[in-house]
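Asks: From the sequence below, what's the structure:
(chains A and B)
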Number of protein chains: 2
Amino acid sequence: MKETLWEYRYAQRMQSMKSSAIRELLEITANPEIISFGGGLPAPDVFPAERFREACQKILTETPASALQYGSTEGYIPLREMIARHTKRYGIFISASNVLITSGSQQALDIIGKVFINPGDRILVESPTYLGALQAWSSYGAEYITIGIDDDGMKIDELEDALRASPKFIYIQPNFHNPAGVTLSLERRYRLVELANQHGIPIIEDDPYGQLRYEGKHIQPITAIDGEIRKNNGPYSGNVIYLSTFSKVLAPGVRIGSIIGPQEVIHQMVKAKQGMDLHTSSFNQMLVYEVGKEGFIDQHVQLIRKIYKERRDIMLESLQEYMPKDVHWTHPLGGLFLWLTLPKNISTTGLFYKAIQEKVAFVPGKSFFPNENGDNTMRLNFSNASPENIVKGISRLGNCIKKEMTKS
Amino acid sequence: MKETLWEYRYAQRMQSMKSSAIRELLEITANPEIISFGGGLPAPDVFPAERFREACQKILTETPASALQYGSTEGYIPLREMIARHTKRYGIFISASNVLITSGSQQALDIIGKVFINPGDRILVESPTYLGALQAWSSYGAEYITIGIDDDGMKIDELEDALRASPKFIYIQPNFHNPAGVTLSLERRYRLVELANQHGIPIIEDDPYGQLRYEGKHIQPITAIDGEIRKNNGPYSGNVIYLSTFSKVLAPGVRIGSIIGPQEVIHQMVKAKQGMDLHTSSFNQMLVYEVGKEGFIDQHVQLIRKIYKERRDIMLESLQEYMPKDVHWTHPLGGLFLWLTLPKNISTTGLFYKAIQEKVAFVPGKSFFPNENGDNTMRLNFSNASPENIVKGISRLGNCIKKEMTKS
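Replies: Okay, the predicted model is just below:
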């Protein structure tokens, strides 16, 4: 291909920007013969299409002029109020002015990068951590301090040492971690808030799956614990920013997420978002409000939990049946993902191409590690494939792994 | 308000990020008693709500699973193909792989910033220029080289000198410029492409209003002229990136824009967009395709042209009637905006607050100048207010200006 003048002009940051392995895998696995545990896709069976259809009718009949027009950068007020009401139930006391609507949770991560990250800033993350956060922040020149995880989430006993390296902030997914599927215990949440406050380091709590719990009791959000400790009266004004999304409880295709934070922080984020996309689709915000209102989300989440719990259980059983000894996996209490650890000498990156031959796909674990470890790990999604395909796919995957282990 | 830990942690770039005066004005002018010529809002009367309603029904009945699911970062293929077919008619020869779908044209500007701008890079812009471009690029540390405009658009005779300062790229709105309403002549377009190629400087052609022409003949896009000169066979691979949007021909509330460029550039932009918002709403992309297909846009644009031409004419007549001598304005051949120049000693920033008292609003011109000139200018939008309100509003504005001129 002929080169154009543009190609000599890329910004330096493009060198540190890797294309998401997952996004590229999604393309390979678009082949319908392949059973994919790759993406983080909700089951299309659970999309409330009928209710979306009714909501479109209502909006485009009653208020087309505002649905199709430009809107405010902050977002559609009834939706912001609905989010504020909803999070109150979890002990996060806020008003609509603490809420910024984003174009999916990925944009929330990009906004955080734009508002807070100078080149060279160190961000404290779990290892492994959410790939999308690394993608967003590396483009702002972020560097990473990492802390390992175990079955109870981030290893809090390593936190104090890590905080001495003065990170700009801590990024954590406390519930049903992507990719690892683990959940931070209540005790560790209190300890995290305590240590963060002691060292003066703020926290980003990323919680896309919080409502998708299949067993055990809901655990207080980190934001709620921070509010409780500082006896926050009135709108939340503490040191935690809370990210959420409608992608997993309604539908990702409408791209509606939210940032909850102190009002002054939201104000700065609004300035940044103006230059990024002016505002999130007015129509989609009204749509999510109309679909989600009057308790529909609570009711719908029951259905999602039932279906995903069944799929998780089938995957756990299939792993038990088809995986060779020396393969270990997490037992997620919710969310969309399982995390597999193979013997140290097995590379899941290498395994991926062989698995594709056998018509099964996963995400090699390496890309979730900021520092390129974890080549013997993989992420498996259990929400998207049908129960029948989960059994079939795990059986295929088990065979691949067995072959690889015999060979090496 | 109590300060939080976050407030000591803003990135340096936040200092150069100004909140858009226009967005804040939009809030003031939400008061329905005020006749606003402020925003760049389409007339809600022209939104094809009925066709949007039908398209929603169709999509959510026939293909809800893909409309509500995650999609590819590049965008919905039928929509990209539709854009490719459409631009061919204007002499821009491309395929779908030259097209990236964006969350409105503002995101296109942000993507360009992320992919190309290093801190300190100089961008060559018109003065005045589109405020949203300055907002997007200043956050990447851009600096600006400016060239004035006259009734035929950018003063091309000043270009050669400006190019010697080695800008990273040239940014230009050739058709019905926002804010000034002027159009770059065909002769100047050829000269621009010629000089840019000679000096090896690429061009961003931003064309949100190109189809909204009310008089005179369509002029070839700069991208088409570049393709013609370099005898581009097959997909476009030249030095111009072309930005467009459905905001003005269908509806801004769905936030669908596009970038057209060489394939390798699109590939880099896809990497950047992954970290910014993963992808633009699948549902909205399918919606714009369904609404716009089978020639609907061409047909609908006829209606928009008719209504906006009438409003432009009424605004021109009213200006003639109500403005004092020594006030000058542009005669736009299309688009949404008129540009007023008052005597040098009148500040439109000061005038704004007085005008609000008289229940009429506009955008003070100053914020469109990268280097803070133009305090005696203002932008007037003629697409949003009804003909009746245009007459009333210009009469009020005329009175304000007369008072101010008498006083000074």
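Asks: Next, find the distance separating A:Asp313 from A:Ile401.
Replies: Here A:Asp313 is placed at a distance of 21 Å from A:Ile401 (CB to CB, to the nearest Å). The way it works is simple: take the backbone N, C-alpha and C, and place the C-beta from them, glycine included.
Asks: Show me which of those two is the more surrounded one.
Replies: More neighbours surround A:Ile401 than the other of A:Asp313 and A:Ile401, with 24 against 15 (other CB atoms under 10 Å in any protein chain shown).
Asks: Outline the domain layout of chain A.
Replies: A:5-48+A:298-407, A:64-295 (automatic domain parsing).
Asks: Out of those domains, which is the most enclosed?
Replies: domain A:64-295 (a mean of 22; mean count of other CB atoms under 10 Å in any protein chain shown).
Asks: show me the biggest helix of chain A in terms of residues.
Replies: Criterion DSSP state H: the longest helix present in chain A is helix A:296-322.
Asks: which helices and strands sit right next to that one?
Replies: Helix A:296-322 is packed against strand A:337-341, helix A:387-407, with contacts defined by 3 or more CB pairs under 8 Å, 6 or more residues apart in numbering or on different chains; DSSP states H and E.
Asks: Would you tell me which of these gets closest to B:Ile356?
Replies: B:Ile356 lies closest to strand A:337-341 among these, at 53.5 Å (CB to CB).
Asks: Now do the same contact list for A:Leu100.
Replies: By CB atoms under 8 Å, 6 or more residues apart in numbering or on different chains, the residues touching A:Leu100 are A:Glu74, A:Gly75, A:Ile111, A:Ser258, A:Ile259, A:Gly261, A:Ile266, A:Met269, A:Val270, A:Lys273.
Asks: coming back round to it: rank the domains of chain A by pLDDT, which is bottom?
Replies: If the domains of chain A are sorted by mean pLDDT, domain A:5-48+A:298-407 sits at the bottom with a mean of 92.
Asks: I'd like the distance from that domain to the chain centre, please.
Replies: Domain A:5-48+A:298-407 sits 15 Å away from the centroid of its parent chain (CA atoms, centre = their mean, to the nearest Å).
Asks: Can you give the distance from the longest helix of chain A to the centre of its chain?
Replies: The chain centroid and the centroid of helix A:296-322 are separated by 18 Å under CA atoms, centre = their mean.
Asks: what angle sits between it and helix A:387-407?
Replies: Put simply, helix A:296-322 runs at 40 degrees to helix A:387-407, going by axes from the mean of the first three to the mean of the last three CA atoms, to 10 degrees.
Asks: hmm, back to that, which members of the contacts of A:Leu100 additionally contact chain B?
Replies: Among these, the residues within reach of chain B (CB under 8 Å from any CB of the partner chain) are A:Gly261, A:Val270.
Asks: got the residue ranges for the strands in chain A?
Replies: In chain A, the strands defined using DSSP state E lie at A:35-36, A:99-102, A:122-127, A:143-150, A:153-154, A:169-172, A:203-206, A:240-245, A:257-260, A:328-329, A:337-341, A:360-361, A:363-364, A:377-381.
Asks: closest to B:Pro119 out of the helices and strands packed on helix A:296-322?
Replies: strand A:337-341 (37.7 Å).
Asks: Can you spell out which helices and strands pack onto that closest one?
Replies: Using 3+ CB pairs under 8 Å, 6+ apart: strand A:337-341 touches helix A:296-322, strand A:328-329, strand A:377-381.
Asks: With A:Leu109 as the reference, measure out to the most centrally placed residue in chain A.
Replies: Chain A has A:Pro208 as the residue nearest its centroid, 5.2 Å off, counting by CA atoms, centre = their mean. In this structure, A:Pro208 and A:Leu109 are 11 Å apart, going by CB to CB.
Asks: And the contacts of A:Leu100, which is closest to B:Phe52?
Replies: Among the contacts of A:Leu100, A:Gly75 lies closest to B:Phe52 (CB to CB), at 20.9 Å.
Asks: Now do the end-to-end distance for stretch A:345-364.
Replies: 14 Å (CA to CA, to the nearest Å).
Asks: Also stretch A:372-386?
Replies: Stretch A:372-386: ends 32 Å apart by CA to CA.
Asks: what about it and chain B, touching?
Replies: No - shown here: stretch A:372-386 not in contact with chain B (CB under 8 Å from any CB), separated by at least 9.4 Å.
Asks: The longest helix of chain A vs strand A:377-381, what angle?
Replies: 130 degrees.
Asks: shared neighbours of A:Pro208 and A:Leu109, anything?
Replies: Common neighbours of A:Pro208 and A:Leu109 (CB under 8 Å, 6+ apart) are A:Leu243.
Asks: Once you drop chain neighbours, what's closest to the residue nearest to the centre of chain A?
Replies: A:Thr245 (4.9 Å; CB to CB, 6 or more residues apart in numbering or on different chains).
Asks: can you pull the contacts of that neighbour?
Replies: A:Gly104, A:Ser105, A:Pro208, A:Pro252, A:Ile256, A:Gly257, A:Ser258.
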